[in-house]
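In: Sequence and predicted structure are below.
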Amino acid sequence: MDQKGAGFAEPPEAAAQLQQVRTPAEFTAALRTLRLWSGLTYRQLESKATANADTLPASTIATTLGRVTLPREPFVEAFTRACGLGDEDVRQWLDARRRIATAAETASTGDEADAEPAAPPPPAAAPARTPWRRRAACLLGAVAIGVAGTLGVSSLDHDSSTPAALPATPVTGLRMLAVGSWARIHPARTPKMCLTEGKDRTGRYETAVAAQHPCTKAVLPQVFLEPLGSNLVQIQWHHPKYGIGCLTVLRKGPGRNLLEPRDDCADDNRTQQFRIERFGPPDTAHFRIRSAITSRCLSLRDQDTEDGAEIVQGRCSGAADQDFLIELTPPPQAGAERALSSR
(Lines give C-alpha, C1' and ligand atoms only; values in the text may rest on other atoms or scores of the structure.)
Protein backbone atom coordinates (compact mmCIF):
# COMPACT_ATOMS: atom_id res chain seq x y z
CA MET A 1 0.00 0.00 0.00
CA ASP A 2 1.28 3.47 -0.87
CA GLN A 3 2.37 5.84 1.85
CA LYS A 4 -0.38 8.23 2.85
CA GLY A 5 -0.89 11.04 5.35
CA ALA A 6 0.62 11.45 8.83
CA GLY A 7 3.86 9.74 7.82
CA PHE A 8 2.57 6.15 8.13
CA ALA A 9 3.71 3.74 5.38
CA GLU A 10 1.24 1.12 6.64
CA PRO A 11 -2.19 1.57 8.24
CA PRO A 12 -1.72 2.69 11.86
CA GLU A 13 -2.98 0.62 14.79
CA ALA A 14 -2.92 -2.62 12.80
CA ALA A 15 -2.82 -6.14 14.24
CA ALA A 16 -0.58 -6.13 17.34
CA GLN A 17 -1.03 -2.39 17.96
CA LEU A 18 -4.81 -2.75 18.10
CA GLN A 19 -4.37 -5.24 20.94
CA GLN A 20 -2.92 -2.40 23.02
CA VAL A 21 -6.01 -0.23 22.55
CA ARG A 22 -8.04 -0.77 25.73
CA THR A 23 -10.60 2.01 26.16
CA PRO A 24 -13.28 3.67 24.01
CA ALA A 25 -11.30 6.92 24.05
CA GLU A 26 -8.15 5.15 22.83
CA PHE A 27 -10.15 3.41 20.11
CA THR A 28 -11.62 6.70 18.88
CA ALA A 29 -8.14 8.26 18.91
CA ALA A 30 -6.91 5.33 16.79
CA LEU A 31 -9.74 5.92 14.31
CA ARG A 32 -8.71 9.58 14.13
CA THR A 33 -5.13 8.56 13.35
CA LEU A 34 -6.45 6.23 10.65
CA ARG A 35 -8.25 9.14 9.01
CA LEU A 36 -5.05 11.18 8.96
CA TRP A 37 -3.27 8.22 7.37
CA SER A 38 -5.95 7.97 4.68
CA GLY A 39 -5.37 11.61 3.70
CA LEU A 40 -9.11 11.97 3.00
CA THR A 41 -11.44 14.78 4.04
CA TYR A 42 -14.79 14.05 5.65
CA ARG A 43 -16.61 14.59 2.38
CA GLN A 44 -14.16 12.36 0.51
CA LEU A 45 -14.75 9.64 3.09
CA GLU A 46 -18.49 10.07 2.63
CA SER A 47 -18.04 9.61 -1.14
CA LYS A 48 -15.83 6.54 -0.62
CA ALA A 49 -18.43 5.02 1.68
CA THR A 50 -21.18 5.68 -0.84
CA ALA A 51 -19.09 3.92 -3.50
CA ASN A 52 -18.89 0.96 -1.08
CA ALA A 53 -22.70 0.98 -0.74
CA ASP A 54 -22.38 2.29 2.84
CA THR A 55 -24.07 5.34 4.39
CA LEU A 56 -21.57 7.55 6.20
CA PRO A 57 -22.44 11.28 6.24
CA ALA A 58 -19.52 13.65 6.72
CA SER A 59 -21.24 15.23 9.73
CA THR A 60 -21.53 11.83 11.42
CA ILE A 61 -17.83 11.12 10.87
CA ALA A 62 -16.73 14.42 12.38
CA THR A 63 -19.11 14.16 15.33
CA THR A 64 -18.19 10.54 16.09
CA LEU A 65 -14.45 11.21 15.95
CA GLY A 66 -14.95 14.17 18.27
CA ARG A 67 -16.42 11.98 21.00
CA VAL A 68 -14.64 9.71 23.45
CA THR A 69 -17.37 7.04 23.44
CA LEU A 70 -17.22 3.82 21.46
CA PRO A 71 -18.73 4.07 17.95
CA ARG A 72 -21.22 1.45 16.83
CA GLU A 73 -20.02 -1.48 14.79
CA PRO A 74 -21.60 -0.40 11.44
CA PHE A 75 -19.79 2.94 11.70
CA VAL A 76 -16.43 1.25 12.34
CA GLU A 77 -16.90 -1.11 9.40
CA ALA A 78 -17.98 1.62 6.94
CA PHE A 79 -15.35 4.09 8.16
CA THR A 80 -12.36 1.74 8.04
CA ARG A 81 -13.37 0.51 4.60
CA ALA A 82 -13.76 4.10 3.36
CA CYS A 83 -10.25 4.84 4.66
CA GLY A 84 -8.95 2.24 2.21
CA LEU A 85 -8.53 -0.86 4.39
CA GLY A 86 -9.08 -4.35 3.03
CA ASP A 87 -11.34 -7.02 4.46
CA GLU A 88 -8.76 -8.49 6.85
CA ASP A 89 -7.79 -5.11 8.31
CA VAL A 90 -11.46 -4.16 8.69
CA ARG A 91 -12.07 -7.43 10.54
CA GLN A 92 -9.23 -6.63 12.97
CA TRP A 93 -10.77 -3.24 13.77
CA LEU A 94 -14.17 -4.85 14.35
CA ASP A 95 -12.59 -7.49 16.62
CA ALA A 96 -10.90 -4.75 18.64
CA ARG A 97 -14.14 -2.83 18.92
CA ARG A 98 -16.03 -5.93 20.15
CA ARG A 99 -13.30 -6.67 22.70
CA ILE A 100 -13.48 -3.14 24.11
CA ALA A 101 -17.30 -3.19 24.14
CA THR A 102 -17.32 -6.51 26.01
CA ALA A 103 -14.85 -5.19 28.58
CA ALA A 104 -16.96 -2.07 29.07
CA GLU A 105 -20.12 -4.13 29.59
CA THR A 106 -18.33 -6.28 32.14
CA ALA A 107 -17.10 -3.24 34.05
CA SER A 108 -20.46 -1.48 34.07
CA THR A 109 -24.10 -2.32 33.57
CA GLY A 110 -24.59 0.93 31.62
CA ASP A 111 -24.36 0.94 27.85
CA GLU A 112 -23.53 4.60 27.28
CA ALA A 113 -20.00 3.74 26.13
CA ASP A 114 -21.52 1.90 23.19
CA ALA A 115 -23.72 4.76 22.07
CA GLU A 116 -23.38 6.75 18.90
CA PRO A 117 -25.65 9.46 17.54
CA ALA A 118 -28.14 8.25 14.98
CA ALA A 119 -26.87 8.98 11.52
CA PRO A 120 -28.76 11.80 9.82
CA PRO A 121 -29.81 11.24 6.20
CA PRO A 122 -26.95 11.80 3.75
CA PRO A 123 -26.77 15.46 2.71
CA ALA A 124 -27.23 16.37 -0.91
CA ALA A 125 -24.00 16.60 -2.84
CA ALA A 126 -22.62 20.12 -2.69
CA PRO A 127 -20.75 21.79 -5.55
CA ALA A 128 -17.05 22.22 -4.90
CA ARG A 129 -15.82 25.36 -3.10
CA THR A 130 -19.21 26.82 -2.18
CA PRO A 131 -20.32 28.63 0.98
CA TRP A 132 -21.48 26.36 3.77
CA ARG A 133 -24.83 28.06 4.18
CA ARG A 134 -26.00 30.62 1.67
CA ARG A 135 -28.54 33.10 2.90
CA ALA A 136 -32.04 33.20 1.42
CA ALA A 137 -31.25 36.05 -0.95
CA CYS A 138 -28.49 34.03 -2.58
CA LEU A 139 -30.64 30.90 -2.78
CA LEU A 140 -33.38 32.86 -4.53
CA GLY A 141 -31.01 34.05 -7.23
CA ALA A 142 -29.23 37.15 -5.97
CA VAL A 143 -25.96 35.78 -7.22
CA ALA A 144 -22.91 37.73 -7.84
CA ILE A 145 -20.80 39.87 -5.63
CA GLY A 146 -20.65 37.69 -2.54
CA VAL A 147 -20.45 34.44 -4.44
CA ALA A 148 -17.92 35.73 -6.95
CA GLY A 149 -15.66 36.85 -4.13
CA THR A 150 -15.87 33.41 -2.54
CA LEU A 151 -15.08 31.54 -5.74
CA GLY A 152 -12.02 33.70 -6.28
CA VAL A 153 -9.96 32.01 -3.55
CA SER A 154 -6.74 30.78 -5.15
CA SER A 155 -5.83 27.10 -5.38
CA LEU A 156 -2.42 28.15 -4.10
CA ASP A 157 -4.00 28.25 -0.66
CA HIS A 158 -3.59 24.47 -0.52
CA ASP A 159 -0.40 22.90 0.81
CA SER A 160 0.57 19.54 -0.66
CA SER A 161 2.67 18.55 2.35
CA THR A 162 1.22 15.86 4.62
CA PRO A 163 0.51 16.65 8.28
CA ALA A 164 2.81 15.34 10.97
CA ALA A 165 1.56 12.99 13.66
CA LEU A 166 -0.37 14.97 16.25
CA PRO A 167 0.96 15.57 19.76
CA ALA A 168 -1.00 14.31 22.77
CA THR A 169 -1.77 17.93 23.74
CA PRO A 170 -2.32 19.75 20.44
CA VAL A 171 -2.60 23.30 21.83
CA THR A 172 -0.33 24.68 24.53
CA GLY A 173 -2.31 25.85 27.55
CA LEU A 174 -5.57 24.25 26.38
CA ARG A 175 -6.66 20.85 27.67
CA MET A 176 -7.82 19.81 24.24
CA LEU A 177 -8.10 16.16 23.19
CA ALA A 178 -5.67 14.81 20.62
CA VAL A 179 -8.70 13.90 18.49
CA GLY A 180 -10.08 17.43 18.75
CA SER A 181 -12.60 19.04 21.09
CA TRP A 182 -15.93 20.83 21.01
CA ALA A 183 -15.58 24.43 22.14
CA ARG A 184 -16.96 27.92 22.47
CA ILE A 185 -14.78 30.86 21.51
CA HIS A 186 -15.43 34.10 23.41
CA PRO A 187 -13.92 37.55 22.81
CA ALA A 188 -12.24 38.23 26.16
CA ARG A 189 -13.69 41.76 26.43
CA THR A 190 -17.22 40.42 25.94
CA PRO A 191 -17.16 36.94 27.52
CA LYS A 192 -20.93 36.57 27.25
CA MET A 193 -20.55 36.76 23.48
CA CYS A 194 -19.58 33.77 21.32
CA LEU A 195 -17.99 33.48 17.91
CA THR A 196 -20.85 32.22 15.74
CA GLU A 197 -22.76 32.79 12.53
CA GLY A 198 -23.50 36.37 11.59
CA LYS A 199 -23.60 38.67 8.58
CA ASP A 200 -21.59 41.49 7.10
CA ARG A 201 -23.32 44.55 8.49
CA THR A 202 -22.12 46.68 5.56
CA GLY A 203 -24.18 44.49 3.21
CA ARG A 204 -21.28 44.10 0.77
CA TYR A 205 -20.94 40.35 1.43
CA GLU A 206 -24.18 38.40 1.43
CA THR A 207 -23.32 34.94 2.76
CA ALA A 208 -22.78 33.86 6.37
CA VAL A 209 -19.63 35.09 8.13
CA ALA A 210 -18.17 34.80 11.63
CA ALA A 211 -19.41 37.37 14.11
CA GLN A 212 -20.03 37.74 17.83
CA HIS A 213 -23.49 37.24 19.27
CA PRO A 214 -24.73 36.50 22.81
CA CYS A 215 -23.94 32.90 23.67
CA THR A 216 -27.57 32.35 24.63
CA LYS A 217 -28.44 32.87 20.95
CA ALA A 218 -25.38 31.06 19.58
CA VAL A 219 -26.59 27.50 20.15
CA LEU A 220 -26.02 26.52 16.51
CA PRO A 221 -23.70 25.99 14.77
CA GLN A 222 -21.59 24.07 17.27
CA VAL A 223 -17.84 24.65 17.14
CA PHE A 224 -15.31 21.85 16.85
CA LEU A 225 -11.54 22.43 16.94
CA GLU A 226 -9.73 19.86 14.82
CA PRO A 227 -5.96 19.72 15.49
CA LEU A 228 -3.76 19.70 12.39
CA GLY A 229 -0.38 20.02 14.15
CA SER A 230 1.24 21.67 17.14
CA ASN A 231 -0.93 24.70 18.04
CA LEU A 232 -2.54 24.49 14.59
CA VAL A 233 -6.29 23.86 14.22
CA GLN A 234 -9.18 23.93 11.83
CA ILE A 235 -12.26 25.71 13.24
CA GLN A 236 -15.29 23.72 12.16
CA TRP A 237 -18.94 24.69 12.42
CA HIS A 238 -21.33 21.74 12.79
CA HIS A 239 -25.01 22.11 12.07
CA PRO A 240 -27.38 19.10 12.03
CA LYS A 241 -29.21 20.58 9.02
CA TYR A 242 -26.48 22.34 7.04
CA GLY A 243 -23.57 19.97 7.74
CA ILE A 244 -19.95 20.97 8.37
CA GLY A 245 -18.38 24.29 7.47
CA CYS A 246 -14.76 25.27 8.08
CA LEU A 247 -13.96 28.89 8.83
CA THR A 248 -12.00 30.23 5.88
CA VAL A 249 -10.13 33.53 5.60
CA LEU A 250 -11.36 35.53 2.60
CA ARG A 251 -8.38 37.21 0.96
CA LYS A 252 -10.02 39.16 -1.86
CA GLY A 253 -13.31 40.53 -3.10
CA PRO A 254 -16.06 42.31 -1.14
CA GLY A 255 -15.63 39.94 1.83
CA ARG A 256 -11.89 40.53 2.13
CA ASN A 257 -10.55 39.77 5.64
CA LEU A 258 -13.85 38.32 6.83
CA LEU A 259 -14.19 34.64 7.83
CA GLU A 260 -16.70 32.48 6.00
CA PRO A 261 -17.73 28.89 6.78
CA ARG A 262 -17.14 26.76 3.68
CA ASP A 263 -18.21 23.19 3.06
CA ASP A 264 -15.01 22.24 1.17
CA CYS A 265 -13.09 21.48 4.38
CA ALA A 266 -9.56 20.26 3.62
CA ASP A 267 -6.68 19.66 6.00
CA ASP A 268 -4.22 21.14 3.49
CA ASN A 269 -6.15 24.36 2.82
CA ARG A 270 -4.07 26.99 4.58
CA THR A 271 -6.89 29.55 4.54
CA GLN A 272 -8.70 27.16 6.91
CA GLN A 273 -5.77 26.76 9.31
CA PHE A 274 -5.35 28.84 12.47
CA ARG A 275 -2.57 29.03 15.04
CA ILE A 276 -3.69 29.31 18.65
CA GLU A 277 -1.13 31.11 20.82
CA ARG A 278 -1.05 32.01 24.50
CA PHE A 279 -1.89 35.67 25.00
CA GLY A 280 -0.81 37.60 28.07
CA PRO A 281 0.68 36.14 31.28
CA PRO A 282 1.38 32.38 31.11
CA ASP A 283 -0.95 31.60 34.01
CA THR A 284 -4.01 32.96 32.18
CA ALA A 285 -6.17 31.03 29.74
CA HIS A 286 -6.24 33.76 27.10
CA PHE A 287 -5.37 33.11 23.47
CA ARG A 288 -4.59 34.86 20.24
CA ILE A 289 -5.85 33.24 17.02
CA ARG A 290 -3.66 33.79 13.99
CA SER A 291 -4.33 32.88 10.34
CA ALA A 292 -1.74 30.36 9.17
CA ILE A 293 -1.65 31.67 5.61
CA THR A 294 -1.29 35.39 6.39
CA SER A 295 0.06 35.34 9.98
CA ARG A 296 -2.52 38.02 10.75
CA CYS A 297 -4.61 37.94 13.93
CA LEU A 298 -8.35 37.57 14.37
CA SER A 299 -10.05 40.54 15.97
CA LEU A 300 -13.35 42.41 16.10
CA ARG A 301 -13.99 44.77 13.21
CA ASP A 302 -13.27 48.35 14.33
CA GLN A 303 -12.71 46.97 17.87
CA ASP A 304 -16.49 46.86 18.23
CA THR A 305 -18.05 45.28 21.32
CA GLU A 306 -21.64 45.28 20.05
CA ASP A 307 -23.84 42.31 19.20
CA GLY A 308 -23.18 41.33 15.58
CA ALA A 309 -19.63 42.69 15.32
CA GLU A 310 -17.79 40.78 12.59
CA ILE A 311 -14.63 38.75 13.17
CA VAL A 312 -11.89 39.89 10.79
CA GLN A 313 -8.19 39.29 10.30
CA GLY A 314 -5.80 42.21 10.73
CA ARG A 315 -2.35 43.26 11.86
CA CYS A 316 -1.32 41.60 15.13
CA SER A 317 -1.25 44.61 17.42
CA GLY A 318 -1.73 43.08 20.84
CA ALA A 319 -4.94 45.08 21.24
CA ALA A 320 -7.66 43.87 23.58
CA ASP A 321 -9.97 42.88 20.72
CA GLN A 322 -7.44 40.19 19.66
CA ASP A 323 -7.76 38.45 23.03
CA PHE A 324 -9.99 35.33 23.05
CA LEU A 325 -11.16 32.83 25.65
CA ILE A 326 -11.62 29.22 24.55
CA GLU A 327 -14.10 27.17 26.57
CA LEU A 328 -14.03 23.42 25.92
CA THR A 329 -17.50 21.88 26.02
CA PRO A 330 -18.94 18.35 26.25
CA PRO A 331 -19.81 16.56 23.00
CA PRO A 332 -23.34 17.40 21.83
CA GLN A 333 -26.04 14.82 22.35
CA ALA A 334 -27.74 13.46 19.25
CA GLY A 335 -31.25 14.13 20.54
CA ALA A 336 -30.44 17.72 21.40
CA GLU A 337 -28.89 18.25 17.95
CA ARG A 338 -32.04 17.05 16.22
CA ALA A 339 -34.31 19.14 18.44
CA LEU A 340 -32.30 22.29 17.79
CA SER A 341 -32.22 21.72 14.05
CA SER A 342 -36.01 21.56 13.95
CA ARG A 343 -36.50 24.99 15.49
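Out: That came through fine. The structure displayed is predicted, hence computed values, not measured ones.

In: just the strands in the stretch 151-300 of the chain please.
Out: 181-187, 193-198, 209-214, 222-229, 232-239, 243-249, 259-262, 274-278, 286-291, 297-300 (DSSP state E, counting those that start in this stretch).

In: and the fifth one, what other elements does it pack with?
Out: So that's strand 232-239. Helices and strands touching strand 232-239, by 3 or more C-beta pairs under 8 Å, 6 or more residues apart in numbering; DSSP states H and E, are helix 58-65, strand 222-229, strand 243-249, strand 274-278. All C-beta atoms are positioned from the backbone trio N, CA, C, and that covers glycine.

In: looking at those, which is closest to residue 36?
Out: Residue 36 lies closest to strand 222-229 among the helices and strands packed on strand 232-239, at 9.2 Å (C-beta to C-beta).

In: Low-confidence regions, the stretch 101-250 of the chain specifically.
Out: 108-168 (pLDDT under 70).

In: As a quick check, tell me the outermost residue of the chain.
Out: Within the chain, residue 106 marks the point farthest from the mean C-alpha position, 33.6 Å out by C-alpha atoms, centre = their mean.

In: Check which residues of the host helix or strand of that one are buried.
Out: Assigned by DSSP states H and E, residue 106 falls within helix 87-107. Residues of helix 87-107 classed as buried: 89, 90, 92, 93, 96, 97, 100, 101, 104 (neighbour count, 16 or more other C-beta atoms under 10 Å).

In: Same list (those residues) but as CSV, adding distance to residue 306.
Out: Shown next, in CSV, are the buried residues of helix 87-107 (distance: C-beta to C-beta, whole Å):
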residue, distance to residue 306
89, 54
90, 53
92, 55
93, 50
96, 52
97, 49
100, 49
101, 50
104, 48
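
In: ok now do the most centrally placed residue in the chain, which residues does it touch?
Out: Most central in the chain under C-alpha atoms, centre = their mean is residue 236, positioned 3.4 Å from the mean C-alpha point. The contact partners of residue 236, by C-beta atoms under 8 Å, 6 or more residues apart in numbering, come to 62, 223, 224, 225, 226, 244, 245, 246, 247, 265.

In: returning to what we had before: list just the nearest of the buried residues of helix 87-107 to residue 172.
Out: Looking across the buried residues of helix 87-107 and measuring by C-beta to C-beta, the closest to residue 172 is residue 100, at 30.7 Å.

In: Touching, the closest one and residue 22? I think so.
Out: Yes: between residue 100 and residue 22 there is a contact under C-beta atoms under 8 Å: 6.9 Å.

In: if we can go back for a sec, farthest-apart pair in the buried residues of helix 87-107, please.
Out: 89 and 104 (23.0 Å).

In: Show me what the residue nearest to residue 59 when sequence neighbours are not counted is bridged to.
Out: Leaving aside its sequence neighbours, residue 59 sits nearest to residue 243 (C-beta to C-beta, 6 or more residues apart in numbering; 5.2 Å). Residue 243 has the following beta-bridge partners by DSSP bridges: residue 239.

In: number of nearby residues for residue 243?
Out: Residues contacting residue 243 under the criterion other C-beta atoms under 10 Å number 25.

In: I'd assumed residue 261 was in contact with it.
Out: No: contact between residue 243 and residue 261 fails when scored by C-beta under 8 Å: they sit 9.9 Å apart.

In: Okay, residue 66 and residue 249: tell me how far apart.
Out: 23 Å (C-beta to C-beta, to the nearest Å).

In: Now do the helices in the chain.
Out: 16-19, 24-38, 42-51, 58-65, 73-82, 87-107, 136-139, 145-151, 334-341 (DSSP state H).

In: can you tell me which of those helices comes nearest to residue 182?
Out: helix 58-65 (9.2 Å).

In: List the contacts of that closest one.
Out: 28, 31-32, 35, 41-43, 45-46, 71, 75, 79, 116-117, 119-120, 123, 179-180, 224, 226, 236, 238, 240, 243-244, 331-332.

In: quick revisit: could you single out the most deeply buried of the helices of the chain?
Out: helix 58-65 (a mean of 23; mean count of other C-beta atoms under 10 Å).
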